[in-house]
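*Asks:* The following comprises the amino acid sequence and a computationally predicted model.
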Amino acid sequence: MLLRTQQMGQVKQISYRLSLIRQLVLIILPCIVMTACVTARVEDQRTTSTGILAGEGVVIMPKSYHLGNETEAKFTKCVGSALGRGSSRLRVIPNNEFVDALFPWFEPRTVPSDIKGLSILLKEPGVSDMIAKKGVRYIIWLDGDTDKIAGGGTLSCAAGPGGAGCFGFAWWQDDSKYDATVWDITALQSAGTVSANVSGTSYLPAIIIPIPLIARTRSKACKGLADQLKLFIVTDTST
Amino acid sequence: MTSNALITISVTVCLAVLGGCASQVTVNNLNIPDPLIKKIPISVAVKFPDEFEHFVHKEETLGREKWSIDLGRSNTLLFTKLLEALFNEVVVLDDSVDPLDIPTWMDFIDIDAVIAPSIDAFEFSIPSQNQADFFAVWVRYRIKIFDREGQQFANWLISAYGKSQKSTTVSGDDPLHHAAVLAMRDAAALILIQLDKATSISSLSREPLSNVTTNSTPAMSELALQNPK
């Protein structure tokens, strides 16, 4: 009799735990699966033909903050790693490695602002040799950032001895606008520009537990820009 | 619990809370890469003032936070590395040498010029001040150059700027530390590229120069090349 009571207690405990896990899954899963919708537009404007040979690579450079650019370091890193993986992946020379190797010529204050400046810079002793040594064929200049352009709603949270919870609804709209200008070092000319414009609205409804539905505009812009850059550089092999 | 123990705990908690309002940034191990630059074929001596070698900036922002930014020995290391990359020979003068008494000791050292760097101003801004999501640092360096007779030959003022986003940097540094490092690196780049153009220091060479371009007038005025502030 005592044994049967113990067994029933164990069964109840297991079923209680299972129901707790089920409830947690029901709460957490939508947060993972559901993301808010985004609108993306990625386009390129080509001025010359492109192409890349074996051993040649690209370097991703954010435009100088001395010129007011606010491209996030994380975005630069994201585009670099996206270009370096998947089909048609490119050889990406790490940005800091390139900048350090060419110090002081690619610092925010001293970077060439146009192709004419680059051709002058290449005449400096050791510069073109170092670029050749690093195997850089294209410099990709990133410009732009992600901004929160609107938002609203009310969300309040409270905690007490009996527990804690939130109630309300909040929303905000993010806009990610980035341009990537491609310079061909071999041809000494600008090959063109790829731009990504992604906007999306994030929602945060809360009935006891907040359920975030985040519009990941920056990561979408990163992926879109990187995919288009690969096509832009690799597809046209006329050079 | 005794009253002494209670007092000790109270004081410790108070100190911990007050300590939370102070932020300290120390710039150590500044990593400046080997520059890709042509040397200026002259020999120089450099004298680092004590306040330059141990520069600490203290400031209270909006009456809430106390900041202490310690550049440590980074300034000295930065300038030593820069000057060694720029000139044929660099002699670092120790504390016993009076930089104003140049003609006396100039005969004992085979150099063409004396360089005396200093910091004129240091400023920073944090997101709660600038209403943006970045930290910024401005450093104004002054570089005085003396000739072999001890006469001031050039007085060059440069403004360096570093900016770092509020979110964690890729290197994982503290953003204000990162901004300070970028400002010092900015100064380094400017000095490497512009020093001779702005001050004509190469014209102090006692040997005829063949490959060095010099300007006719050195920067005797306070010349700030670029101030992005």
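*Replies:* That came in fine, so what should we check first? As the structure is a prediction and not an experimental result, all values here were calculated from the model.
*Asks:* For stretch B:175-188, give me every contacting residue.
*Replies:* Residues external to stretch B:175-188 that are found in contact with it (Cβ atoms under 8 Å, 6 or more residues apart in numbering or on different chains): A:104, A:107-109, B:23, B:25-27, B:30, B:32, B:35, B:67, B:69, B:71, B:74-75, B:78, B:82, B:124, B:126, B:134-139, B:141, B:158, B:160-169, B:171, B:173. For every residue, glycine as well, the C-beta is placed using N, CA and C.
*Asks:* Give me the subset of these that lies in helices.
*Replies:* B:Ser74, B:Asn75, B:Leu78, B:Leu82 (DSSP state H).
*Asks:* Would you convert these into TSV that also reports distance to A:Ser81 and neighbour count?
*Replies:* Converted to TSV, those look like this (distance: Cβ to Cβ, whole Å; neighbours: other Cβ atoms under 10 Å in any protein chain shown):
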residue	distance to A:Ser81	neighbour count
B:Ser74	31	21
B:Asn75	35	25
B:Leu78	32	21
B:Leu82	33	23
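*Asks:* Can you tell me which of these is nearest chain A?
*Replies:* B:Leu82 (9.4 Å; Cβ to the nearest Cβ).
*Asks:* In what element of secondary structure is the residue in chain B positioned nearest to chain A found?
*Replies:* In chain B, the residue that lies nearest chain A is B:Ala189 (3.6 Å; Cβ to the nearest Cβ). Assignment of secondary structure by DSSP states H and E places B:Ala189 within helix B:175-199.
*Asks:* and that helix, how far from the chain's centre?
*Replies:* In terms of Cα atoms, centre = their mean, to the nearest Å, the centre of helix B:175-199 is set 8 Å apart from its chain centre.
*Asks:* What count of nearby residues applies to the one residue in chain A that gets nearest to chain B?
*Replies:* Closest residue of chain A to chain B, Cβ to the nearest Cβ: A:Pro104 (3.6 Å). For A:Pro104, the count of nearby residues is 23 (other Cβ atoms under 10 Å in any protein chain shown).
*Asks:* mind listing the strands in chain A by residue range?
*Replies:* With strands called from DSSP state E, chain A shows them at A:38-46, A:57-62, A:92-93, A:136-160, A:163-184, A:189-210.
*Asks:* quick one, which of those is packed in tightest?
*Replies:* strand A:57-62 (a mean of 23; mean count of other Cβ atoms under 10 Å in any protein chain shown).
*Asks:* What helices and strands are in contact with that one?
*Replies:* With contacts taken as 3 or more Cβ pairs under 8 Å, 6 or more residues apart in numbering or on different chains; DSSP states H and E, strand A:57-62 sits against helix A:73-83, strand A:92-93, helix A:95-101, strand A:136-160.
*Asks:* From the contacts of stretch B:175-188, list just the buried residues.
*Replies:* By neighbour count, with 16 or more other Cβ atoms under 10 Å in any protein chain shown, those hold A:104, A:107-109, B:25, B:27, B:30, B:32, B:35, B:67, B:69, B:71, B:74-75, B:78, B:82, B:124, B:126, B:134-139, B:141, B:158, B:160-165, B:169 as buried.
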